[in-house]
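Visitor: give the three-dimensional model of this entry:
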Amino acid sequence: MKICVPSGSKKGLEAEVYGHFGSAPYFTLIDTESGETEIIENSHSQHEHGACNPAGTIEGKGVKAVVCAGMGARAVQKLNDAGIKVFSGNFSRVSECVDAFKRGEIAEMSINGSCRGHDCGHHED
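Guide: Reported below is the predicted structural model:
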């Protein structure tokens with residue numbers, strides 16, 4: 001399965017996990033079976049809350065799940081509408097995120113559990 005983790009650098013599995021999906025500089029895509037990674041720049045990283053479409057950046061890439069610490073309700077809805085599940089967890093490195101996802105230790109995020117603004121506590125400064 002291909003998953004997406006918002007990241008702060010292009011270091012692949014060793015990249016730091018970025019605190020919030022929409023404002024992440026990069027998305028690290030990982031195939032959990034083959035271990036293959038791809039890094040995509042988030043052209044929507046600078047935005048007003050809810051005024052972007054970072055979900056569109058990963059659509060069509062075969063991603064089935066996003067694992068992140070925080071995400072706005074509109075992004076959760078857009079991803080769910082595209083058949084992409086959203087999971088929530090706090091991790092330091094992308095590799096930790098992938099390992100926890102493979103073990104089934106990450107809870108699925110609902111719209112009710114999403115961020116309500118850039119002061120939600122999951123954002124990097």
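
Visitor: the strands in this protein, which residues?
Guide: 2-7, 26-31, 37-41, 63-68, 85-88, 107-108 (DSSP state E).

Visitor: helices and strands around the second one, which ones?
Guide: The elements that strand 26-31 packs onto, with contact taken as 3 or more CB pairs under 8 Å, 6 or more residues apart in numbering; DSSP states H and E, are strand 2-7, strand 37-41, helix 54-58, helix 94-102. Where you see a C-beta, it was placed from the backbone N, CA and C, and this is true even at glycine.

Visitor: re earlier: out of the strands of the chain, which one sits most buried?
Guide: Ranked by mean neighbour count, the strands of the chain are led by strand 2-7 with a mean of 26 (mean count of other CB atoms under 10 Å).

Visitor: contacts for it next, please.
Guide: Strand 2-7 is touched from outside by 15-18, 20-21, 24-32, 39, 42, 58, 61-68, 84, 94, 97-98, 101, with contacts defined as CB atoms under 8 Å, 6 or more residues apart in numbering.

Visitor: from the chain's centroid, how far away is the worst-scoring helix or strand of the chain on mean pLDDT?
Guide: Of the helices and strands making up the chain, the lowest-confidence element is helix 54-58, at a mean of 74, by mean pLDDT, DSSP states H and E. The gap between where helix 54-58 is centred and where its chain is centred comes out at 10 Å by CA atoms, centre = their mean, to the nearest Å.

Visitor: can I get that helix in CSV? Just the C-alpha atoms.
Guide: What follows is helix 54-58, C-alpha atoms only, in CSV (Å, rounded to 0.1, in the frame of the first residue of the first chain):
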residue,chain,number,x,y,z
PRO,A,54,-2.6,20.0,-1.0
ALA,A,55,-4.7,16.9,-1.3
GLY,A,56,-4.7,17.5,-5.1
THR,A,57,-0.9,17.2,-5.1
ILE,A,58,-1.1,13.5,-4.1
